[in-house]
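Asks: Could you work out the structure for the sequence below:
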Amino acid sequence: MNHKLKGVLLVLLSGLFYTYNTQAQTVNDSKFGKGLHFVAADSSFSLKFGTRFQLLYQGGNTPATGNWDDRFLIRRARLKFDGFAFSPRLEYKIELGLSNSDIGSDVPDLTNNADNIILDAVAKWHLTPNLQLWVGQTKLPGNRERVVSSQKLQFVDRSLLNSRFNLDRDAGLQLHHEHQLGQVVLREIGSISMGEGRDITVNNTGGYDYTARFEVLPFGAFKGGGDYVGSDIEREQTPKLSLATSFDYNSNAGRDQGQLGDFLSDTRSLRTWFVDAMFKYRGFSAMGEYANRKATDGPVVLRDELGDVAETFVTGTALNLQAGYLLPSNWELAARYTDFNPTTVTGIRQQDQYTLGVSKYIVGHSLKVQSDITLIQEASREDRTQFRLQMELAL
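Replies: This is a model prediction of the structure:
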């Protein structure tokens with residue numbers, strides 16, 4: 001851990017313990033999985049502090065060698081701060097990622113260390129009871145699976161659709177609006193952002209990113225925001241459904257996945273469509289997503305002297321379908337199918353994944369053990385199998 005990161009953590013933790021010592025009488029409603037809550041004596045601000053981590057074992061066969069390759073790692077390690085400032089109408093959220101995977105690389109020498117520890121830093125102003133303005137860095141309103149917190153996933157991690165096409169985090173402005181017609185809930189979200197991902201400190205290499213999302217919940221709101229929670233933890237007593245579509249236009253994107261990936265030697269404008277749905281009823285849950293991304297002037301940026309693709313944007317389509325049933329004992333069985341079809345000219349291999357998962361929820365998503373096994377079928381390669389076992393602990 002470098003000196004800059006140590007300094008950031010020292011300041012944050014010192015402030016937290018100072019607040020605890022001077023305002024201990026204002027702690028309220030603190031319990032396992034919900035973090036520590038503080039409210040200033042004059043009610044001028046509030047602070048909730050939480051932390052969590054994921055311990056992961058991952059192994060898989062390598063057909064070329066016949067070996068079983070595996071590893072243990074800290075998949076995620078997070079510090080989270082949120083509350084209100086000056087007025088309950090002005091909320092904030094700060095989330096820091098501390099593991100190498102959070103920072104952006106599994107290889108320590110290739111990480112940017114403290115330059116990428118900031119995941120979220122956003123202020124949310126309630127303009128009216130139904131309209132919010134968000135300012136700062138946070139997740140864009142893209143596909144549902146990406147907006148679902150990594151703490152609240154149904155499987156050990158998100159799908160291949162998400163890893164190839166998600167919009168991830170970006171810095172800018174977002175407007176969130178919600179209203180109701182009878183029992184039907186309608187949500188509209190729009191954003192304008194930089195288009196190059198989180199914590200970019202260099203000049204913008206291209207244009208801006210524009211995202212719009214529309215959601216319909218025909219049977220009313222889910223309990224506990226369950227339309228963005230994996231598994232039917234709340235055990236909905238009446239059927240609940242959310243249908244949504246998102247469109248994103250990233251003007252002159254500089255990275256091969258828009259907000260993620262390598263910076264390329266030329267830019268392309270990317271158009272991405274998402275359609276997704278979430279359904280829950282009495283322990284049963286199902287989620288589906290479709291993604292479609294195209295690049296203006298074609299995705300390939302550079303070819304080598306042999307004519308092979310050297311640089312390309314990731315474009316194409318993907319479909320992800322998953323479902324699970326949560327037993328009364330809080331064990332869950334789940335299955336997922338993901339199909340990734342990249343644009344042929346990119347030279348990226350088509351891939352299908354079939355996943356079976358088993359989870360035990362001890363304290364909801366705050367303390368759980370999850371495992372899954374995946375059959376990976378990739379064009380022009382032998383089938384391979386991946387096994388994962390993960391524990392989540394959130395305070």
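Asks: use CA for all of it now, contacts and neighbours both
Replies: OK.
Asks: hey, where'd the helices end up in the chain?
Replies: Along the chain, the segments classed as helices by DSSP state H run 3-23, 100-103, 144-147, 160-165.
Asks: Could you identify which of those helices has the lowest mean pLDDT?
Replies: In terms of mean pLDDT, the lowest-scoring of the helices of the chain is helix 3-23 (a mean of 54).
Asks: so who does the most centrally placed residue in the chain touch?
Replies: Centroid-nearest residue in the chain, with Cα atoms, centre = their mean: residue 146, separated by 3.6 Å. Contacts for residue 146 (Cα atoms under 8 Å, 6 or more residues apart in numbering) come out as 139, 158, 162, 166-168.
Asks: Check the gap between it and residue 169 for me.
Replies: 10 Å (Cα to Cα, to the nearest Å).
Asks: Quickly list what's touching both of those two.
Replies: Looking at what touches both residue 146 and residue 169 (by Cα under 8 Å, 6+ apart), the common residues are residue 139.
Asks: can you map out the strands along the stretch 201-350 of the chain?
Replies: Ranges of strands within the stretch 201-350 of the chain are 209-217, 240-255, 263-281, 284-295, 300-303, 309-312, 316-326, 331-342, based on DSSP state E, counting those that start in this stretch.
Asks: what's the angle between the second one and strand 263-281?
Replies: When axes from the mean of the first three to the mean of the last three Cα atoms, to 10 degrees is applied, the directions of strand 240-255 and strand 263-281 differ by 180 degrees.
Asks: And strand 240-255, what does it pack against?
Replies: For strand 240-255, the contact count by 3 or more Cα pairs under 8 Å, 6 or more residues apart in numbering; DSSP states H and E identifies strand 209-217, strand 263-281 as packing neighbours.
Asks: Alpha carbons of the last one, as CSV, please.
Replies: As requested, C-alpha coordinates have been extracted for strand 263-281 and formatted as CSV (Å, rounded to 0.1, in the frame of the first residue of the first chain):
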residue,chain,number,x,y,z
PHE,A,263,-7.0,3.4,-24.4
LEU,A,264,-6.7,2.9,-28.2
SER,A,265,-4.9,4.9,-30.8
ASP,A,266,-8.1,6.3,-32.3
THR,A,267,-11.6,7.0,-31.2
ARG,A,268,-15.1,5.7,-32.1
SER,A,269,-18.6,6.7,-31.1
LEU,A,270,-20.3,3.8,-29.4
ARG,A,271,-24.1,3.1,-29.3
THR,A,272,-25.3,0.7,-26.7
TRP,A,273,-28.8,-0.6,-26.1
PHE,A,274,-29.9,-2.6,-23.0
VAL,A,275,-33.2,-4.3,-22.3
ASP,A,276,-33.7,-6.1,-18.9
ALA,A,277,-36.3,-7.4,-16.5
MET,A,278,-36.5,-8.6,-12.9
PHE,A,279,-39.3,-10.8,-11.5
LYS,A,280,-39.8,-12.1,-7.9
TYR,A,281,-42.4,-14.1,-6.1
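Asks: ok and that strand relative to strand 316-326, angle-wise?
Replies: Regarding strand 263-281 and strand 316-326, their directions subtend 30 degrees when assessed with the same axes, to 10 degrees.
Asks: How much space separates residue 364 from residue 267?
Replies: Taken as Cα to Cα, the span from residue 364 to residue 267 is 44 Å.
Asks: Settle it for me: which of these two has more neighbours?
Replies: Between residue 364 and residue 267, counting by other Cα atoms under 10 Å, residue 267 is the more crowded of the two (24 against 14).
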